[in-house]
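In: here's a sequence, model it:
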Amino acid sequence: MLSKCANPDCSAPFHYLRNGKLFHIDRSAVGPQLVSGKRAARRIEYFWLCAECAGSMTLAVRGNSVVTVPLPGAVVRRAAAS
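Out: Purely as a prediction, here's the structure:
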């Protein structure tokens, strides 16, 4: 169940799908997961970034983890604002 923004530095609570961006990540695609010689069932996980975080970052799979990464244009905007 989603409860807050996927950005570990943000504590925005999840209330509505219309606020922010929902990510659908197939964790079974990360690596081969065989059970008794058969492919394991798909493991779909959902992550949410609040509207403020979604404006400057996205999510990426790194190894077995889902991490936040800055959007290319957001880095330029943040640096220009300083």
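In: Ile25 versus the most centrally placed residue in the chain, what's the distance?
Out: Taking C-alpha atoms, centre = their mean as the criterion, Leu59 is the residue nearest the geometric centre of the chain, at 3.7 Å. To Ile25, Leu59 is 7 Å away according to C-beta to C-beta, to the nearest Å. Heads up, the C-betas are built off the backbone N, CA and C, glycines and all.
In: which neighbours do these two have in common?
Out: 47, 66 (C-beta atoms under 8 Å, 6 or more residues apart in numbering).
In: what's downstream of the helix or strand encompassing the residue nearest to the centre of the chain, the next helix or strand?
Out: Element membership for Leu59 (DSSP states H and E) is strand 57-62. Counting by DSSP H and E, the next helix or strand C-terminal to strand 57-62 is strand 65-70.
In: residues contacting that next one, please?
Out: Under the contact criterion C-beta under 8 Å, 6+ apart, strand 65-70 has outside partners 6-8, 23, 25, 45, 47, 49, 53, 56-61.
In: now, of these, which are buried?
Out: Buried by 16 or more other C-beta atoms under 10 Å: 6-7, 23, 25, 47, 49, 53, 56-59, out of the contacts of strand 65-70.
In: which one of the contacts of strand 65-70 is nearest His15?
Out: His15 lies nearest to Leu49 out of the contacts of strand 65-70, by C-beta to C-beta, at 13.7 Å.
In: I figured that closest one hits Pro8, correct?
Out: No - taking C-beta atoms under 8 Å as the definition, Leu49 is not a contact partner of Pro8, at 11.4 Å.
In: can you give me every residue that contacts the residue nearest to the centre of the chain?
Out: Contacts for Leu59 were tallied using C-beta under 8 Å, 6+ apart; they are 6, 23, 25, 47, 49, 66-69.
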